[in-house]
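J.: sequence and predicted structure below; questions after.
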Amino acid sequence: MFKFFNRVKTVVGSELNAMLDKAEDPVKMLDQFMRDMENDIREAESAVAKQIANEKMLKRKYDDSQALVDKRMKQAEKAIEAGNEDLARRALEDKKNHQDQADQFKASWERAQQDANNLRQKLDEMKKEYQEMKLKKDSLKARAESAKTRTKMNRTMSNIGGDQSRQGFERMEEKVMHYEAEAETSEDMSSQSRSLDDEFEDLDNKDSVDNELEELKRKMNKE
């Protein structure tokens, strides 16, 4: 359990960049690392709780055995005062048995107490490391999102200025210029057509005036 937590810590620390390079989605990978750490911490908390319970059980047995030792000692003293050496001897013999048990329970309790303290210390270290990794994860996630946004923006800008887009604009520009040329040609032809019609109309008007003038002269000569 603790070894696995340390392995995850190492991955998130010294080997994080390599893992992120291989990961399809660094944000999801970071979240998975954090979930693994959280599971490790829950397992560690459960182990610490069991060890503390074991420590308390051994302490209680030690206290009970030591209480019997003290009790038999007082009973032996009381038997001596009453002049009953046989009763005192049996009390001391039973005291010795309980003393042996008490010594064993004490040694077991002290070992369990030390183990519980070590586990609590490791648990505290795990929680501290978890908080450090959580802060680092938040920072890395923000950097990853920023990098994604920059990449997307760069790709968009690249597409805007790309050959395909530029060629498309050039084609449209040529079409517009072609339309403009057609319009100018049409206007020139229309203008030429109107000028020709005007000249013929002027000619017709001139002929009409000349005819009228001749007619007027003939009338005046007759008179």
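T.: Looks like it arrived, so ask away.

J.: helices and strands around the host helix or strand of residue 147, which ones?
T.: Per DSSP states H and E: residue 147 is located in helix 85-160. Using 3 or more C-beta pairs under 8 Å, 6 or more residues apart in numbering; DSSP states H and E as the contact test, the elements touching helix 85-160 are helix 2-12, helix 16-22, helix 26-81. In short, each C-beta sits where N, CA and C put it, glycine included.

J.: need the contact list for the spatially most central residue of the chain.
T.: Closest residue to the average C-alpha location of the chain: residue 27 at 3.5 Å, with C-alpha atoms, centre = their mean. Contact analysis of residue 27 by C-beta atoms under 8 Å, 6 or more residues apart in numbering lists 141, 144-145.

J.: distance to residue 130 and neighbour count added to those residues, as a markdown table?
T.: Output for the contacts of residue 27, formatted as a markdown table (distance: C-beta to C-beta, whole Å; neighbours: other C-beta atoms under 10 Å):
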| residue | distance to residue 130 | neighbour count |
| --- | --- | --- |
| 141 | 16 | 14 |
| 144 | 20 | 17 |
| 145 | 22 | 12 |
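
J.: switch these over to TSV; also include pLDDT and distance to residue 214.
T.: TSV is the format used below for the contacts of residue 27 (pLDDT from 0 to 100; distance: C-beta to C-beta, whole Å):
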residue	pLDDT	distance to residue 214
141	79	105
144	77	101
145	80	98
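
J.: shouldn't residue 140 be in contact with residue 26?
T.: Yes: using C-beta atoms under 8 Å, residue 140 is in contact with residue 26, at 7.1 Å.
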